[in-house]
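Student: no sequence on this one, just coordinates:
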Ligand SMILES: CC(=O)N[C@H]1[C@@H](OP(=O)(O)O)O[C@H](CO)[C@@H](O)[C@@H]1O
Ligand SMILES: [Mg+2]
């Protein structure tokens, strides 16, 4: 079997020395201060090349972004051939390459992968990559390009993209010329595909008032503007927070209220993207001036309601719709889905890969995290049924056409803020609904998320889709005893996968009760076996 050219590896790797830090490929790939990432991204180039060779030269995607993190951070994620997140089993290989302390160790780590994974190094490697608008992106791309040279990968730089666009392009390249061809592999192809489908979906319906779209001063701003010409007069939008020149403004948004600098008014409809445009939330201001958030749970409910109706109107009875949530989904949303829409709901651990995987089990699987990341997956057999259906009345034919267009407007590879925006706008346009009418499906229970800084979050072990703790021993019983005292109370504790904290989620019948529950559990966790680190937060009870 061929081996790696060690001189080539040494000379390239010397340009990207590894700092002392330890790195881990987690839910969000590698993500941290940009200045620490040079060697990590260089080695990710090697990893992506190996992944491509392992998959017979299929195209692998690499996205350089730190999503909603501050501008000084950056990160990298590897995308598998059909646009999914890289297979979980490879995360430990990514971590091993990133942590090899010297060139020799790196050489050995590569060869360990080659032998244990039976990678044929003579196979070709094809990699495509893109980055968001962060200033550090350009230098990190150069590090990636050097990494790709180690194993002689063929590569294409797609420049500045949203994360979902890179996922889309990766899938297009790997399906080109097959019956599953996903589209033209370019940003332009992406705009054309989404715009054409959206136009079909809103044809003949009166236009809604303009959407006020906050792009978090991130890559969504230039890319959404690039898309506008393809939409013609099918959609009207006012873009705000579109300054990508001043990096300090990136992601200045805050939780559960309107972004800084945006004055909201009653009667308007708002949406916000995150920094790499794979998440979206909607909101509006009520007549009594309260801020109302329409989060991922609300989008999932709206989408499920609409798709169920459409399937029924199309006269198709063998397509089942299911919804996937995490424990962070508002309890009222789960009730609505189960009891009003009568759809099956699964709960899985946090992280898009778990939701995506579970959604594949349904004919049409709707999945969303409460924070706005999600999409709808149509199974191959559902698509076959939708494309074979003819309909025996004009109404059925219209519904079938809408279902087909819906499967085109929705990015099936990953949660996509653009796609999800067009999904919501489609439904609101078809129904002629204001955000307030949409919001009336159910009323969210008040909820609160609290972070507890602990000495060692790895001692927290969960089961039941992270809703119950098995360790530290006895803590779950203590949590349950507190929750019991609250009407509609629900609370769970889990270690974060992306931050060095433990998260406490609480919901209850009223706002004061919710806050009390969250701060009681926060205090309980902080004090339990002296788990807490630093000063005990004053609000903890
Ligand atoms: C409560 C919450 O919002 N958690 C986020 C956050 O995960 P944690 O494991 O909770 O840190 O980052 C993930 C990756 O971006 C995202 O998938 C998830 O929803
Ligand atoms: Mg993101």
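Tutor: Noted; the coordinates are in hand. Because the structure is a prediction, the values reported are computed rather than measured. Ligands and ions are numbered 1, 2, ... in the order given.

Student: I'd like to know how many residues surround residue 180.
Tutor: 12 (other Cβ atoms under 10 Å). The C-beta positions use only the backbone N, C-alpha and C, and glycine is treated the same way.

Student: what about it, distance to residue 502?
Tutor: 42 Å (Cβ to Cβ, to the nearest Å).

Student: And residue 59, by the same measure?
Tutor: 39 Å.

Student: Can you read off the pLDDT for the residue of the stretch 301-450 of the chain found nearest ligand 2?
Tutor: Per Cβ to the ion, residue 373 is where the stretch 301-450 of the chain lies closest to ligand 2, at 6.8 Å. With respect to pLDDT, residue 373 scores 96.

Student: Give me the nearest residue to it, chain neighbours excluded.
Tutor: Nearest residue to residue 373, sequence neighbours excluded (Cβ to Cβ, 6 or more residues apart in numbering): residue 415, at 4.1 Å.

Student: How many residues are close by the residue of the stretch 301-450 of the chain closest to ligand 2?
Tutor: Close neighbours of residue 373, defined as other Cβ under 10 Å, add up to 23.

Student: try residue 515
Tutor: 17.

Student: So that it lines up with my notes, have the first residue be 41 from now on.
Tutor: Sounds good: first residue 41 from here, last item residue 555.

Student: In terms of helices and strands, where is the nearest residue to it once chain neighbours are set aside?
Tutor: The shortest distance from residue 555 to any non-neighbouring residue, by Cβ to Cβ, 6+ apart, is to residue 488 (5.9 Å). Per DSSP states H and E, residue 488 falls inside strand 487-492.

Student: how about the residue nearest to residue 413, what does it touch?
Tutor: By Cβ atoms under 8 Å, 6 or more residues apart in numbering, residue 455 lies in contact with 204, 318, 319, 392, 408, 409, 412, 413, 414, 415.

Student: rewinding a little: my guess is the residue of the stretch 341-490 of the chain closest to ligand 2 contacts residue 337, does it?
Tutor: No: using Cβ atoms under 8 Å, residue 413 and residue 337 do not qualify as a contacting pair, with a distance of 11.7 Å.

Student: element containing residue 423?
Tutor: Here residue 423 is assigned to helix 420-428, by DSSP H and E.

Student: Following element in sequence after that helix, please.
Tutor: With DSSP H and E, the next secondary element past helix 420-428 is helix 434-449.

Student: Residue 266 looks like it's in a strand, true?
Tutor: No: per DSSP: H, G, I helix; E, B strand; the rest coil, residue 266 lies outside any strand segment and is helix.

Student: Pull up the per-residue confidence for it.
Tutor: pLDDT, residue 266: 98.

Student: measure it to ligand 2 for me?
Tutor: Distance of residue 266 to ligand 2, computed by Cβ to the ion, to the nearest Å: 19 Å.

Student: ok, now residue 259?
Tutor: According to Cβ to the ion, residue 259 and ligand 2 sit 10 Å apart.

Student: residues of the helix or strand that comes right after the strand holding residue 488 that come out buried?
Tutor: Downstream of strand 487-492, the first helix or strand assigned by DSSP H and E is strand 501-503. Within strand 501-503, the residues that qualify as buried are residue 502, counting by 16 or more other Cβ atoms under 10 Å.

Student: partners of strand 501-503, with directions?
Tutor: strand 508-511 (antiparallel) (DSSP bridges).

Student: Not counting the strand it pairs with itself, show me its contacts.
Tutor: In contact with strand 508-511 (Cβ under 8 Å, 6+ apart) are residues 499, 500, 501, 502, 503, 515, 516, 519, 532, 533, 534.

Student: do stretch 520-536 as well
Tutor: Counting by Cβ under 8 Å, 6+ apart, 367, 371, 390, 485, 491, 497-498, 500, 502, 506-509, 515, 519, 541-549, 553, 556-558, 560-561, 564-565 sit against stretch 520-536.

Student: What about these, which are in helices?
Tutor: Cross-referencing the contacts of stretch 520-536 against helices under DSSP state H gives 371, 515, 519, 553, 556, 557, 558, 560, 561, 564, 565.

Student: quick one: contacts for the fifth one?
Tutor: Going back to what we said before, that points to residue 556. 526, 548, 581.

Student: One more: the first one?
Tutor: By Cβ under 8 Å, 6+ apart, the residues touching residue 371 are 485, 528, 530, 547.

Student: Over to the fourth one?
Tutor: Taking Cβ under 8 Å, 6+ apart as the criterion, residue 553 is in contact with 486, 526, 527, 529.

Student: Give me the buried entries from those residues.
Tutor: For the contacts of residue 553, buried by 16+ other Cβ under 10 Å: 486, 526, 529.

Student: can you redo these as CSV with pLDDT?
Tutor: Formatted as CSV, these follow (pLDDT from 0 to 100):
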residue, pLDDT
486, 96
526, 98
529, 97
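
Student: I'd like to know how far the closest residue to residue 148 other than its chain neighbours sits from residue 74.
Tutor: Excluding its sequence neighbours, the residue lying closest to residue 148 (Cβ to Cβ, 6+ apart) is residue 140, at 7.4 Å. Using Cβ to Cβ, residue 140 is found at 21 Å from residue 74.

Student: quick one: which of those two has more around it?
Tutor: residue 74 (22 against 19).

Student: Contacts only, for the more buried one.
Tutor: With Cβ under 8 Å, 6+ apart, residue 74 has these contacts: 106, 112, 113, 114, 174, 176, 180.

Student: following whichever strand or helix holds residue 210, which helix or strand shows up next?
Tutor: Residue 210 is part of helix 203-215, with elements assigned from DSSP H and E. On the C-terminal side of helix 203-215, the closest following helix or strand by DSSP H and E is helix 227-242.

Student: follow-up on the earlier one: I'd like the contacts of residue 556 as JSON lines, with distance to residue 288 appended.
Tutor: Below are the contacts of residue 556 laid out as JSON lines (distance: Cβ to Cβ, whole Å):
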{"residue": "526", "distance to residue 288": "41"}
{"residue": "548", "distance to residue 288": "38"}
{"residue": "581", "distance to residue 288": "37"}
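
Student: Nearest to ligand 2, out of the residues you listed: which one, please.
Tutor: residue 548 (29.5 Å).

Student: my read: the closest one touches residue 554, true?
Tutor: Yes: the pair residue 548 / residue 554 is scored as a contact, 4.4 Å apart, by Cβ under 8 Å.

Student: If we ignore the residues flanking it in sequence, what's nearest the residue of the stretch 91-240 of the chain found nearest ligand 2?
Tutor: The stretch 91-240 of the chain approaches ligand 2 most closely through residue 107 (3.2 Å), counting by Cβ to the ion. Leaving out its chain neighbours, the residue that sits closest to residue 107 by Cβ to Cβ, 6+ apart is residue 316, at 4.7 Å.

Student: Rebuild the buried ones among the contacts of residue 553 as JSON lines, extending it with distance to ligand 1.
Tutor: Formatted as JSON lines, the buried ones among the contacts of residue 553 follow (distance: Cβ to the nearest ligand atom, whole Å):
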{"residue": "486", "distance to ligand 1": "16"}
{"residue": "526", "distance to ligand 1": "21"}
{"residue": "529", "distance to ligand 1": "19"}
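
Student: Could you pull up the mean pLDDT of stretch 204-219?
Tutor: So the average pLDDT for stretch 204-219 ends up being 97.

Student: now it, how far from the centre of its chain.
Tutor: 18 Å (Cα atoms, centre = their mean, to the nearest Å).
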